[in-house]
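Trainee: I'd like to go over a predicted model; first the sequence, then the structure.
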Amino acid sequence: MQHETDPRLILLSPEDNCLIAAARLPAGETLMIEGEPVMLATTIELAHKIARRALSKDEKVLRYGAIIGHVSVDVARGEHLHTHNLESDYIPTYTHDAGHAYVQH
């Protein structure tokens, strides 16, 4: 049985637990992820990752079928995956807070 997913979301590998935005997706928009409607809490920018399914804290994130890091908090299906909730397992993760220097997490 095939599950409908919004065509603006790209699944790079069947094992992946993230999807890639093929367009800018505005906050408040409802889109389908594998047959389930999901309302976006935040705007997802072009080429950013979103959770294909709910992920538990410390769960590994797969892109192209390979581990790219882990989530630092529980993440809901359709939630934006980026430096605020995704940490690399290979290189330090840095963010830039307005008015501050880059901070290692």
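Mentor: Looks like it arrived, so ask away.

Trainee: for stretch 75-85, buried residues please.
Mentor: Buried positions in stretch 75-85, judged by neighbour count with 16 or more other C-beta atoms under 10 Å: Val75, Arg77, Gly78, Glu79, His80, Leu81, Asn85. (C-beta placed from N, C-alpha, C; glycine too.)

Trainee: and Leu62, what are its bridge partners?
Mentor: Residues in a beta bridge with Leu62, per DSSP bridges, are Ile67.

Trainee: okay, it and Leu19: tell me how far apart.
Mentor: Per C-beta to C-beta, to the nearest Å, Leu62 is found 11 Å from Leu19.

Trainee: same question, His84
Mentor: 18 Å.

Trainee: ok, Asn17 touching Leu62?
Mentor: Yes - Asn17 is within contact range of Leu62, at 5.3 Å (criterion: C-beta atoms under 8 Å).

Trainee: sorry, back to before: narrow the buried residues of stretch 75-85 to those in strands?
Mentor: Under the assignment DSSP state E, the buried residues of stretch 75-85 contribute His80, Leu81 to strands.

Trainee: which one of the buried residues of stretch 75-85 is nearest to Thr43?
Mentor: His80 (8.2 Å; C-beta to C-beta).

Trainee: so what pLDDT did the closest one get?
Mentor: The score at His80 is 97. That number is its pLDDT.

Trainee: return the residues in contact with it.
Mentor: The contact partners of His80, taken as C-beta atoms under 8 Å, 6 or more residues apart in numbering, are Ala41, Thr42, Ile44, His48, Lys49, Ile50.

Trainee: which two in those are spaced the farthest apart?
Mentor: Ala41 and Lys49 (14.7 Å).

Trainee: neighbour-wise, which of these two wins?
Mentor: Comparing Ala41 with Lys49 by neighbour count (other C-beta atoms under 10 Å), the higher total belongs to Lys49, at 21 against 12.
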